[in-house]
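Asker: below are the sequence and a predicted model; questions follow.
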Amino acid sequence: MGKRACGEPPRTLTAKKGPGLHRVSGAFSAKTHAGNLTIVKTVFFYHGISMTLADFERWYRLRYRRTSSAFTTGALILSDLLGVMFSFGAGFFWVNLYDLGLINFKSFVTYWPYLPVFILIFQISNLYPGISLAPAEELRHLSIASIMAHGGIIFSRYIEDQEFDAISVAFIISCLFSTFILLFCRSMMHALLRKTKLGGIPAVIYGGGSLGRLIVDHLLQSERLGYVPVLILDDTQEGDAYQCIPIIHDTRIGPEIVKRFNIRMAIVAMPELDQNALTDLLNYSVAAFRYNVLIPDFFNVTNIWMTIRDFDGILGFVSTNRLKMPWNWAIKRFMDIGIVILGGLLLLPLFLVIALLVKISSPGPVLYGHTRLGLQGVPFKAYKFRSMVIDADQRLQALLASDPKMQEEWEARHKLKNDPRVTRIGQFLRRTSLDEFPQLLNILKGEMSLVGPRPIVQDEAQKYGEDFGRIFSVKPGLSGLWQVSGRSDTDYAERVAFDTYYLQSWSVWLDMWVLYKTLGAVIRGKGAY
């Protein structure tokens, strides 16, 4: 059976037709064979007619049985238990590697009684059920909670034994590894829950306009947000479904939905409503849900650390531009230097091998310095391992003059996906982003940071328009949000959006999360060319 648009009935169904209407009267059962497993799906299709609550009930009951976060919470607890034990193992492994006589590596499994301490502290830190936590916020909670738990273990052992032994050192090393191990385990669990469709909490979306549909898109695409849109309520928008999510044209039925289906979350995305209409909607329909979120209509403010303050009964949103604070610049610089020195020493043998391969693969220097714009638009030489032939600029001009499609691609992104100037070893370096590692020298010189906006050439500056001065009020980065979110596949509008989010939401935790994602993007080679 070929692909079919959502809501389109299969040919084998018997349909009742009326003037201008087409409604499927039955159900369609499709068998999908995956190995020895046979899955039977029963789907009701509606086309050209507004869905009623009775219709929605049949549609909903076939798909969803859980409305609470208990299963998602249990899955995250399991991933955290595994992550903590892996961290223990890492700590004991490194101490054992240093001196086999200091510690028995396999003995780390005997410390499982400490696991409930971690889960309790994680619960206090609001890491469960972990729904709609921003990645940087989740990383911050994980880091602080893990330090508290490990610190408690080490302190209690010292009080009991009156000595600081090899096991305590192992727990210190475990603490250093734990944040990223826990984050990795959680990422794998989120991906598993999404793939198996076992996770997620049903949510009703108020609003079928552009904002409501944008929310639906993000919820369906994200592995981490944790909410699954099951129904759209809107009084004015046309259509009976969006992204296979039913639309009911009655925003007053919130209490009835809660009563029938026990759905606990509502997301309101109706910026077109005036104040009185929105107040009535919140008080008489949305209030029936245990939890609700109101999406504001100001996308230019993307500060994840924003809080609400009460001005004598008037609520205001409070945000802070953390990169305007001198001590945060100092913290960011200290983190850059520390990671670059430590990482550079560990990766030095790899860099020497790459330099040798570049030298013998084609004539020319090992490093290539390209003029880029940095802080406040000041130009500097950004270093890379040379990945192109030495006359790349001349070949580019000839190539663009002879190929209109290449010219169009270059003007759009200032990159070519199939660039004939790239050497064989250069293709590997670009796919893995290893060609950019000499920019660690730029970071040491203070021209770049580990995380920040992408350094651009002069010709790209005009594409940023009025946003250029704001975005490059910070140092460009070796990596950044847009690189790990789409890398070379993003257009300039998306880059500006990512960089704006980064500037408004900066924290040490956001930088750490970007570095964590950068490692995954480099390994996968996604979008790098």
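Answerer: Received the coordinates, thanks. If you're wondering where the values come from, they're calculated on a predicted model, not measured in any experiment.
Asker: center of this protein, which residue is that?
Answerer: Nearest residue to the geometric centre of the chain (C-alpha atoms, centre = their mean): P135, 6.5 Å.
Asker: that one contacts R224, correct?
Answerer: Yes - taking contacts as C-beta atoms under 8 Å, P135 lies within contact range of R224: 7.0 Å. Every residue, glycine included, has its C-beta placed from N, CA and C.
Asker: now do the buried residues in the lengthiest helix in the chain.
Answerer: Across the chain, the longest stretch assigned as helix under DSSP state H is helix 326-361. Residues of helix 326-361 classed as buried: 328, 332, 335-336, 339-340, 351, 354, 357-358 (neighbour count, 16 or more other C-beta atoms under 10 Å).
Asker: could you check the pLDDT of K16?
Answerer: On the pLDDT scale, K16 is placed at 37.
Asker: swap that for I119, sorry
Answerer: So I119 comes in at 95 (pLDDT).
Asker: so it makes contact with L78?
Answerer: No - counting by C-beta under 8 Å, I119 does not reach L78; the two are 10.3 Å apart.
Asker: could you check which of these two is surrounded by more residues?
Answerer: I119 (18 against 12; other C-beta atoms under 10 Å).
Asker: excluding covalently adjacent residues, which one is nearest to that one?
Answerer: Nearest residue to I119 in three dimensions, chain neighbours excluded: I77, at 6.0 Å (C-beta to C-beta, 6 or more residues apart in numbering).
Asker: repeat that for A382.
Answerer: Nearest to A382 is R372, by C-beta to C-beta, 6+ apart, at 4.4 Å.
Asker: now for the one you found: which residues touch it?
Answerer: Residues near R372 by C-beta atoms under 8 Å, 6 or more residues apart in numbering: 379-382, 455-457, 476.
Asker: Three-state assignment for it, please.
Answerer: strand (DSSP: H, G, I helix; E, B strand; the rest coil).
Asker: state whether D310 is indeed within a strand.
Answerer: Yes - assessed with three-state DSSP, D310 lies in a strand.
Asker: who's it bridged to?
Answerer: L315 (DSSP bridges).
Asker: and for it, the neighbour number?
Answerer: Count around D310 with other C-beta under 10 Å applied: 8.
Asker: tell me who's in contact with V169.
Answerer: 91, 95.
Asker: give me the element it is part of.
Answerer: V169 is part of helix 166-196, with elements assigned from DSSP states H and E.
Asker: the helix or strand just after that helix packs against which elements?
Answerer: Next helix or strand after helix 166-196 toward the C-terminus (DSSP H and E): strand 201-206. With contacts defined as 3 or more C-beta pairs under 8 Å, 6 or more residues apart in numbering; DSSP states H and E, strand 201-206 has these neighbours: helix 210-221, strand 227-233, helix 254-261, strand 265-268.
Asker: strand 201-206 pairs with which strands, parallel or anti?
Answerer: strand 227-233 (parallel), strand 265-268 (parallel).
Asker: could you export that strand as CSV, CA atoms only?
Answerer: Extracted in CSV, the C-alpha atoms of strand 201-206 (Å, rounded to 0.1, in the frame of the first residue of the first chain):
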residue,chain,number,x,y,z
ILE,A,201,2.1,12.6,28.1
PRO,A,202,-1.1,13.5,26.2
ALA,A,203,-1.7,17.2,25.9
VAL,A,204,-4.5,19.3,24.4
ILE,A,205,-3.5,22.3,22.3
TYR,A,206,-5.7,25.4,22.4
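Asker: orientation of that strand relative to helix 254-261 in degrees?
Answerer: Interaxial angle of strand 201-206 relative to helix 254-261 (axes from the mean of the first three to the mean of the last three C-alpha atoms, to 10 degrees): 160 degrees.
Asker: now strand 201-206: how far from the chain's centre is it?
Answerer: Strand 201-206 has its C-alpha centroid displaced from the chain centroid by 21 Å (C-alpha atoms, centre = their mean, to the nearest Å).
Asker: stretch 346-360 too?
Answerer: That offset, for stretch 346-360, works out to 32 Å (C-alpha atoms, centre = their mean).
Asker: what does that stretch contact?
Answerer: By C-beta under 8 Å, 6+ apart, stretch 346-360 touches 366, 385-387, 425-426, 429, 434, 437-438.
Asker: what pLDDT, on average, does it get?
Answerer: Here the average pLDDT along stretch 346-360 is 90.
Asker: about what we covered before: buried only: go through the contacts of stretch 346-360 for me.
Answerer: 385-387, 425-426, 429, 434, 437-438.
Asker: want to try CSV for the residues you listed, with distance to L182, pLDDT and secondary structure as columns?
Answerer: Output for these, formatted as CSV (distance: C-beta to C-beta, whole Å; pLDDT from 0 to 100; DSSP: H, G, I helix; E, B strand; the rest coil):
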residue, distance to L182, pLDDT, secondary structure
F385, 33, 90, strand
R386, 39, 88, coil
S387, 36, 83, coil
I425, 37, 85, helix
G426, 37, 83, helix
L429, 32, 84, helix
L434, 27, 85, helix
F437, 27, 89, coil
P438, 32, 92, coil
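Asker: and of those residues, the nearest to I314?
Answerer: Distance to I314 across those (C-beta to C-beta) is lowest for F437, with 51.4 Å.
Asker: which residue packs closest to that closest one, ignoring adjacent ones?
Answerer: What sits nearest to F437 in space, not counting adjacent residues and going by C-beta to C-beta, 6+ apart, is F351, at 6.6 Å.
Asker: for the one you found, give its distance to G343.
Answerer: As defined by C-beta to C-beta, to the nearest Å, F351 lies at a distance of 11 Å from G343.
Asker: on that earlier part again, show me whatever sits in contact with both of P135 and R224.
Answerer: Contacts common to P135 and R224, judged by C-beta under 8 Å, 6+ apart, are absent.
Asker: okay, now the unreliable bits of the stretch 351-500 of the chain?
Answerer: Across the stretch 351-500 of the chain, the ranges flagged by pLDDT under 70 are 412-414, 486-490.
Asker: where do the helices of it begin and end?
Answerer: 392-402, 404-413, 424-432, 439-444, 467-471, 481-485, 492-505 (DSSP state H, counting those that start in this stretch).
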